[in-house]
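**Student:** Sequence first, predicted model second:
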Amino acid sequence: MIIVMESTATEEEILAVENKIRALGYNPHEIIGIERKVIGAVGDERGKEQLQQIESMPGVESVVPILKPYKLASREMRKIDSIINCGGVPVGGKNIALIAGPCSVESREQICTTARLVKNAGANLMRGGAYKPRTSPYSFQGLEEEGLKLLAEAKAQTGLPIVTEVMNPREVDLVARYADVMQVGARNVQNFSLLKELGQIKKPILLKRGLMTTIKEFLMSTEYILSEGNQEVILCERGIRTFETATRNTLDISCIPVLKKETHLPIIIDPSHATGHWDLVESMSRASIAAGADGLMIEVHPDPVNAFSDGPQSLKPAKFAKLVQDLRPLIELMGRSLN
């Protein structure tokens, strides 16, 4: 349910409504609008009729049911787009996020050099994996905490906020000490224990869509984070699995307008994982911006041939710089900006 407060509602009236919501066994979630405050009541739907009685309380304008199964993520809950602050970089609204860096942190020289090059090219966030979920147990699994420390060094040199993956609920606190944005990989999109844990921290979460995840399932996973209290979630489309073998995955460009209609949360595109080929990244980046994406996540490596992981889909720094240069006119044409 959504409780819409009157524009003249006092703090005491708002507090009384929130206390009533808790007394009925629901959790209140405040959304401050331009003209008035909206309070979402989230919990067991079987008792939703009880919430209707709140409509008679002082300061309440109306009580409206949320029809979507993803309550807090839905446009019914919040009409205006959410803008997520990622270490000082706004993601959403008119802003385009450009996250760039290698798949894996391999060494101090590799990550620091890449960070300087992508920043100079125009990236405003840096990616790099310290913990790597791999299909084969014999593949490189990442440098773990040592990789996090190297990411922190790269941030100290460039000022770029860090986006890095967390795989295990037990490692959330450790990764949060270093990361500005906590990434949940495609394989963990329905790891509900991890999502609940991330819902209890005050860090932006970048949630990647799973290989076989529908948009409804994607948003329901988002709901696990939001319902625990963390409202700072960024969605990421990185390709879904189909029968096609010409590309690593199939980039679902249509998810951008669908998600824009269904949710207020920002959506970025990862064309590197979606295609699996560096020479397809530029065209898919342009298509994503044209379709309304709020940003891109692109793999960049100074020596892709010798990369520990995902070399074939990684751009060399010079190609990345050219891509950013070519994207700027399109970004401006779409009425957006790259900070």
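**Tutor:** Looks like it came in fine. Numbers count the residues shown, from 1 in each chain.
**Student:** Specify the beta-bridge partners of the residue positioned nearest the centre of the chain.
**Tutor:** In the chain, the C-alpha closest to the average C-alpha coordinate belongs to Ile234, at a distance of 2.0 Å (Cα atoms, centre = their mean). For Ile234, the beta-bridge partners under DSSP bridges are Leu206.
**Student:** Could you pull up the residues touching it?
**Tutor:** Shown in contact with Ile234 (Cβ atoms under 8 Å, 6 or more residues apart in numbering): 84, 86, 91-92, 97, 181, 204-207, 265-268, 294. C-beta here means a position set from N, CA and C on the backbone, and glycine is covered the same way.
**Student:** now it: how far from Phe308?
**Tutor:** Distance of Ile234 to Phe308, computed by Cβ to Cβ, to the nearest Å: 26 Å.
**Student:** To which secondary structure element is Thr213 assigned?
**Tutor:** Assessed by DSSP states H and E, Thr213 sits outside every helix and strand.
**Student:** measure it to Leu219 for me?
**Tutor:** Relative to Leu219, Thr213 is positioned 10 Å away (Cβ to Cβ).
**Student:** If you count surrounding residues, which of those two has more?
**Tutor:** Per other Cβ atoms under 10 Å, whichever of Thr213 and Leu219 has more neighbours is Leu219, with 25 against 18.
**Student:** What separation do you get for that one and Ile267?
**Tutor:** Relative to Ile267, and taking Cβ to Cβ, Leu219 is found at 11 Å.
**Student:** Give me the common contacts of these two.
**Tutor:** Here Leu219 and Ile267 share the contacting residues Leu259, scored by Cβ under 8 Å, 6+ apart.
**Student:** From Val17, how far off is the nearest residue to Val63 once chain neighbours are set aside?
**Tutor:** Spatial nearest neighbour of Val63, excluding adjacent residues (Cβ to Cβ, 6 or more residues apart in numbering): Glu55 at 4.4 Å. Distance of Glu55 to Val17, given as Cβ to Cβ: 10 Å.
**Student:** just to revisit the earlier point, burial of the residue nearest to Val63, as a residue count?
**Tutor:** Burial measure for Glu55: 14 neighbouring residues, criterion other Cβ under 10 Å.
**Student:** distance of it from Lys20?
**Tutor:** Glu55 is 11 Å from Lys20, by Cβ to Cβ.
**Student:** before we move on, the earlier item: three-state assignment of the residue nearest to Val63?
**Tutor:** helix (DSSP: H, G, I helix; E, B strand; the rest coil).
**Student:** can you map out the helices along the stretch 51-200 of the chain?
**Tutor:** 108-121, 145-158, 172-178, 192-198 (DSSP state H, counting those that start in this stretch).
**Student:** buried residues in the last one?
**Tutor:** When burial is assessed from 16 or more other Cβ atoms under 10 Å, helix 192-198 yields the following buried residues: Leu194, Leu195, Glu197, Leu198.
**Student:** Farthest-apart pair in these, please.
**Tutor:** Spatial extent of the buried residues of helix 192-198 (Cβ to Cβ) is set by the pair Leu195 and Glu197 at 7.3 Å.
**Student:** just to revisit the earlier point, of the helices of the stretch 51-200 of the chain, which is nearest Ser62?
**Tutor:** Of all the helices of the stretch 51-200 of the chain, it is helix 192-198 that lies closest to Ser62, at 31.2 Å by Cβ to Cβ.
**Student:** Compute the mean per-residue pLDDT across that closest one, please.
**Tutor:** Per-residue pLDDT over helix 192-198 has a mean of 97.
**Student:** now swap in stretch 65-78 and tell me
**Tutor:** Here the average pLDDT along stretch 65-78 is 88.
**Student:** which residues are contacting that stretch?
**Tutor:** Contacts with stretch 65-78, where a contact means Cβ under 8 Å, 6+ apart, come from 1-2, 29, 31, 38, 40, 42, 48, 64, 216, 219-220, 222-223, 226-227, 231, 233, 261-265.
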